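Participant: Need coordinates for the following:
(chains A and B)
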Amino acid sequence: MKRFITPYYALLFTLPFLTIATYSQQSITKAVGNDIAEPVIKVLDYNTLKPVYTKENDTLYVVNFWATWCRPCVEELPHFMAVNEKYRENNRYKMILVSLDDAERATGAVKSFAKRLKLDVDHYLLDDIKKMNEWIPDVDSLWTGSIPATLFIKNGKSLQFAEKPLSKEELESIIKLHL
Amino acid sequence: MKTLQKIAGLLVVTLFAFNTLSAQGYKIGDQATDFKLKGVDNKMVSLADYKDAKGFIIIFTCNHCPYSIAYEDRIIALDKKYSALGYPVVAINPNDPAIEPKDSFELMIKRAKEKGFTFPYLFDDGQKIFPQYGATKTPHVFIVKREGGKNIVKYIGAIDDNYKNAGDVSKKYVEDAVDALLANREVEVKNTVAIGCSIKVKK
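Facilitator: Prediction:
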């Protein structure tokens, strides 16, 4: 177990020292150990995505909306993976990632980011661009549409919504509060 | 125990931050502030400079964001169509170039030239204007109408319903809103949301 956790901390300590402009793929690849298994990114529309995290099963879903072109999103993902590593064994907790990249990039850029950043969680690509004005307010009434955005939801009831990057500490304190 | 207190404290701060974030900005019917911002031609621009305008299509946008780039041609088309009718486009880059170097003033000048922007492309130097409007992302549109010398907010949101493919747009939110205002009708869809790039601010 420890062997898997260590690289994430290494990454966390490494990241602040990289300038924003050079959060380069090389550095990240160097910091992590073995690649995760071939990532699978399921492309779906909102009506198919919503049931994934609105189950009545007393489970806290942490749903992070991101995109490969979104720098603050990419920067916070290592925090998410580190926190997830800590809670993933808890069967009342589940983290999922939702990429808002263009659907054509699911098997290209999104997949290679997932591999490189070791995004070892259920991963979806929401392909429903013409209905943004419907699904954005349905995800959370407070969402103005910027990313990163993270929804904390249990039994289909939104508990908290963060339309900003979260630090490792912020993310963990929100999870602890709602778990 | 200390750890618990620390977490509780942090939580209060976090929740507070979320609350203030969502409470800011204009709602429909509010009076929008004027500004004096430097444009890519190095001249200062204010809404008050436009003596004959009936209103404005104010668009917070930038160089780097893929959504902004996808809309550049459509923003030019909006200005070409509505400037003559009294609703010129005024574009404002709200990002801090220290965080996003592609959004520097120099690169704004370059991009405006490359694309042949027909409208002022202003730099929110010091980031004082976008928080008053409540812009949170790029692109983010605010349509205001001049009423008795005041600029009243009539529409907030997206340009249309398909950032990716201008040929497959079903709802032209901004055009519909301006058309309504020009015809002295009420804007039907006053608020819309779309995904955009968060505005880059120093932490």
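Participant: State which one residue of chain A is found closest to chain B.
Facilitator: Here chain A gets closest to chain B at one residue, residue A:146, 3.8 Å apart by Cβ to the nearest Cβ. Quick note: C-beta positions are derived from backbone N, CA and C, even for glycine.
Participant: Just give the number of residues close to that residue.
Facilitator: The number of residues packed near residue A:146 is 22, by other Cβ atoms under 10 Å in any protein chain shown.
Participant: Pull the contacting residues for it.
Facilitator: Residue A:146 makes contact with A:163, B:136-137, B:195-199, according to Cβ atoms under 8 Å, 6 or more residues apart in numbering or on different chains.
Participant: Can you give me the neighbour number for residue 63?
Facilitator: Going with chain A. Using other Cβ under 10 Å, residue A:63 is surrounded by 23 other residues.
Participant: not what I meant, chain B
Facilitator: When neighbours are counted by other Cβ under 10 Å, residue B:63 registers 23.
Participant: Enumerate every residue touching it.
Facilitator: Counting by Cβ under 8 Å, 6+ apart, residue B:63 makes contact with B:69, B:93, B:102-103, B:107-108, B:111.
Participant: Can you pull the poorly scored residue ranges out of chain A?
Facilitator: Scanning chain A for pLDDT under 70 picks out A:1-36.
Participant: what residues does it put near chain B?
Facilitator: Within chain A, the positions near chain B by Cβ under 8 Å from any Cβ of the partner chain are A:20-21, A:69-72, A:100, A:102, A:129-133, A:136-137, A:142-148, A:160-164, A:169-170, A:173-174, A:176-177.
Participant: so of these, which ones are in helices?
Facilitator: In this view, the residues of chain A next to chain B that belong to helices under DSSP state H are A:71-72, A:132-133, A:136-137, A:169-170, A:173-174, A:176-177.
Participant: Let me know the next secondary structure element after the helix or strand hosting residue B:92.
Facilitator: Using DSSP states H and E, residue B:92 sits in strand B:89-93. Downstream of strand B:89-93, the next assigned helix or strand under DSSP H and E is helix B:105-115.
Participant: quick one: buried residues of the helix or strand just after that following helix?
Facilitator: For helix B:105-115, the succeeding helix or strand toward the C-terminus, using DSSP H and E, is strand B:121-123. Of the residues in strand B:121-123, B:121-123 count as buried by neighbour count, 16 or more other Cβ atoms under 10 Å in any protein chain shown.
Participant: quick one: strand B:121-123 to chain centroid distance?
Facilitator: 11 Å (Cα atoms, centre = their mean, to the nearest Å).
Participant: neighbouring strands for that strand, and are they parallel or not?
Facilitator: Strand B:121-123 has its sheet partners listed here by DSSP bridges as strand B:37-39 (antiparallel), strand B:89-93 (parallel).
Participant: tell me the contacts of the residue nearest to residue B:64 when sequence neighbours are not counted?
Facilitator: Excluding its sequence neighbours, the residue lying closest to residue B:64 (Cβ to Cβ, 6 or more residues apart in numbering or on different chains) is residue B:102, at 3.7 Å. For residue B:102, the contact set (Cβ under 8 Å, 6+ apart) comprises B:62-64.
Participant: Now render those as TSV, adding distance to residue B:167 and pLDDT.
Facilitator: As requested, the contacts of residue B:102 are exported to TSV (distance: Cβ to Cβ, whole Å; pLDDT from 0 to 100):
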residue	distance to residue B:167	pLDDT
B:62	24	98
B:63	24	98
B:64	25	96
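Participant: ok, which stretches of the chain are helices?
Facilitator: Answering for chain A, as no chain was given. Secondary structure of chain A (DSSP H): helices at A:2-14, A:25-31, A:46-53, A:71-87, A:109-116, A:132-139, A:168-178.
Participant: My question was about chain B, not that one.
Facilitator: Using DSSP H, the helices assigned to chain B run over residues B:2-23, B:66-82, B:105-115, B:130-133, B:173-182.
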